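> fold the stuff below for me.
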Amino acid sequence: MNLSLTELRAAYAAGTATPRDVMAIIGERCEQYTDHNIWIHQLTATELEPYLKRLEASSPSALPLYGIPFAIKDNIDLAGVPTTAACEEFTYTPQRSAFVVKHLIEAGAIPVGKTNLDQFATGLVGTRSPWGACKNSYDPSMISGGSSAGSAVSVALGMATFSLGTDTAGSGRVPACFNNLVGVKPSIGLLSASGMLPACRSLDCITIFALQCDDANAILAVAEGEDATDAYSRNNPFANHARHYGQWQGSLRVGVLPAEQLAFFGHEEYAQSYQASLAAIAASGVELVEVDFSPFIEAARLLYEGPWVAERYIATSPLIQKRPEALLDVTRTIISAGDKGSAVDAFRAQYRLKTLRKAATAVLESVDCLLTPTACRPYSIDAVNADPITLNSNLGYYTNYMNLFDLAGVAVPTGFTGSGFPFGLTLVGEAFTDRRLLSVANRLQQLFQLPLGKGQGDYQPLASVPVKDQQTILVAVCGAHLEGQPLNWQLTERGAYLQSKTMSSPDYKLYALAGGPPFRPGMVVAPAGEGCALEVEVWAVPTAEFGSFVAGIPAPLGIGKVTLQNGSQVSGFICEASGLAGAEDISHFGGWRGYFANK
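Numbers count the residues shown, from 1 in each chain. Next up, the predicted model:
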């Protein structure tokens, strides 16, 4: 069973699955992968029951994340469940959930459990935990990436639709790369850090792992929001920011690194995957421009070689002073260095960072966004255990600078190496360009069309069952609003979900209208005996969003009634006869996708 938002929403709406069914499947998958060391605490049946009972008293259309399972990194609080940060001696049980977790649960999401991590979120490898190294979802001999290791692997292996991680130096991006996921590292403060154990409080942010960009955007829309109890929380300053998400249209100028600034640390397959990804992106019409990455590289070194390690020391100082043996040797070694800096060191580093930031700003202003490899290379668990600090440091080459510069980033999968290991790129932009980056990432995801996670199962279409809940309006779409097409975001951004894939009654003609991009079809009622059945999708649009959706439809298109193959009628796109001048009759292709497949 595929756990993407689209699949689960359609299954719930159709009545072909319930949250209990989904959690039972997840339980079986968790049993299958116990040797991967994913969970520190998986919720018991008793602990899950209140969440399931609440959903059974509601309806799928009443909650935006109804029955959507998610995993939580175990340095983020879930009420009534221990938070360990992968250190047993540190454990406490919070009475309240983290701000973000609370919002997700209120929206109908179900917590599956707390996931394994590099102890105190110190590491990019996923091996630094008393609960064992979290194994990669594609190759158990390889690292999963950290510190948000279990969160990424839980989604990749089909145990959650999405998960929460954290990111100080790359922990929301490196695990996404190594497990074929989308990783959203939001602008600092966009997601409240209340209820999250800090690593570096001034730099940390909660992150989102998801199967696809549409899912990530929907989760971000629920989770974001200013929190008065978090001094670092910030509200998105752009009005209607959620409406800025979609598949990026038009020209795109992207900054890439010159060859001499690339680093793959001897991993030829990652170097080849990078070049292959760039070639495909360039062939799709994106302009790639070489930029100077040196200020980003220098800033990356400041994170661990400069005074910011002192923030990690502050977060753990009570334990490290009283019981240093409670920490793993490698964690203690790294964090203890934070007690050695001075105020002079801190100010000098701040001055240098300001200079580097100015240079980085000039780079970012010259392009729509920056594009880098997400990680330099994968490593085996054995290799990291043999040299834990050097190899971990290598993994931060493309990531460590981002929060120091107050930037946003989205990691997106773009392929697999010759040996079958995931590879991906990261899009980088200024703070609060999160939706722009997600839109570009969506364009890349549509371009590369990779499978969704190692353990998510094959895509299976769902039966067509009308939604009876009056809080949504069913809308049949036949062209640019179809799933994966350029205007589908106008539905998903409004919380609409795919209810069924079906055909119209055999009474219609389809025309390719003049103009574009985006190119649009016109669906019209045919004269008696001249029509045919056409491919359509039926989407459930929240009633409160229907008006704004219709208002954005340009002439000659509009909304009328469309008859489906089962004889039922739903709202759908129709076209005025006046708009058919110069249009091409494409009815014989059976639909919009069939037309483009044969064009």
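> C-alpha from now on. contacts and neighbour counts both.
Fine.
> for the nearest residue to Glu290 once chain neighbours are set aside, what are phi and psi?
The spatially closest residue to Glu290, leaving aside those adjacent along the chain, is Val256, at 4.9 Å (CA to CA, 6 or more residues apart in numbering). Main-chain torsions, Val256, degrees, to the nearest 10: phi -130, psi 160.
> same check on Thr83?
When read as degrees, to the nearest 10, the backbone of Thr83 gives phi -110, psi 120.
> tell me the SS of Ile72?
The three-state assignment at Ile72 reads strand, by DSSP: H, G, I helix; E, B strand; the rest coil.
> so how far is Ile188 from Glu311?
Distance, Glu311 to Ile188, by CA to CA, to the nearest Å: 16 Å.
> circling back to that earlier point, list the contacts of the residue nearest to Glu290.
288-291, 370-372 (CA atoms under 8 Å, 6 or more residues apart in numbering).
> buried subset of those residues as a ChimeraX selection?
Per 16 or more other CA atoms under 10 Å, the buried members of the contacts of Val256 correspond to this ChimeraX selection:
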select :288,291,370,371,372
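> turn the contacts of Val256 into JSON lines, including pLDDT.
JSON lines is the format used below for the contacts of Val256 (pLDDT from 0 to 100):
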{"residue": "Leu288", "pLDDT": "97"}
{"residue": "Val289", "pLDDT": "97"}
{"residue": "Glu290", "pLDDT": "97"}
{"residue": "Val291", "pLDDT": "98"}
{"residue": "Leu370", "pLDDT": "98"}
{"residue": "Leu371", "pLDDT": "98"}
{"residue": "Thr372", "pLDDT": "98"}
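> so Glu311 and Ile188 - more neighbours on which side?
Each of Glu311 and Ile188 has its neighbours counted (other CA atoms under 10 Å); Ile188 has more, 27 against 19.
> other SSEs contacting the longest helix seen in the chain?
In the chain, taking DSSP state H as the definition, the longest helix is helix 343-365. Counting by 3 or more CA pairs under 8 Å, 6 or more residues apart in numbering; DSSP states H and E, the packing neighbours recorded for helix 343-365 are helix 294-305.
> next, the buried residues of the helix it packs on.
295-300, 302-304.
> for it, give me every contacting residue.
169, 261, 308-309, 349, 353, 356-357, 359-360, 396-402, 404.
> ok, back up a step: just name the closest of the contacts of Val256 to Leu482, please.
Nearest to Leu482 among the contacts of Val256 is Leu371, at 28.2 Å by CA to CA.
> pull the contacting residues for the closest residue in space to the closest one that isn't next to it in sequence.
Nearest residue to Leu371 in three dimensions, chain neighbours excluded: Leu427, at 4.8 Å (CA to CA, 6+ apart). Taking CA under 8 Å, 6+ apart, we find Leu427 in contact with 369-372, 409-412, 437, 440-441.
> partners of Leu427 in the sheet?
Beta-bridge pairing of Leu427 under DSSP bridges involves Leu371, Val410.
> isn't Asp368 right up against Arg253?
Yes - with contact defined as CA atoms under 8 Å, Asp368 counts as touching Arg253 (5.4 Å).
> and the two? Which one has more around it.
Asp368 (18 against 15).
> pLDDT score assigned to the more buried one?
Listed pLDDT for Asp368 reads 94.
> any idea how many residues pack against Ser568?
So Ser568, with other CA under 10 Å, has 12 neighbours.
> can you tell me the SS state at Cys30?
helix.
> Ser163 too?
Per three-state DSSP, Ser163 ends up strand.
> and it, how far is that from Leu104?
Taken as CA to CA, the span from Ser163 to Leu104 is 11 Å.
> neighbour count for these two, which is higher?
Counted by other CA under 10 Å, Ser163 and Leu104 do not tie: Ser163 has more neighbours, with 30 against 23.
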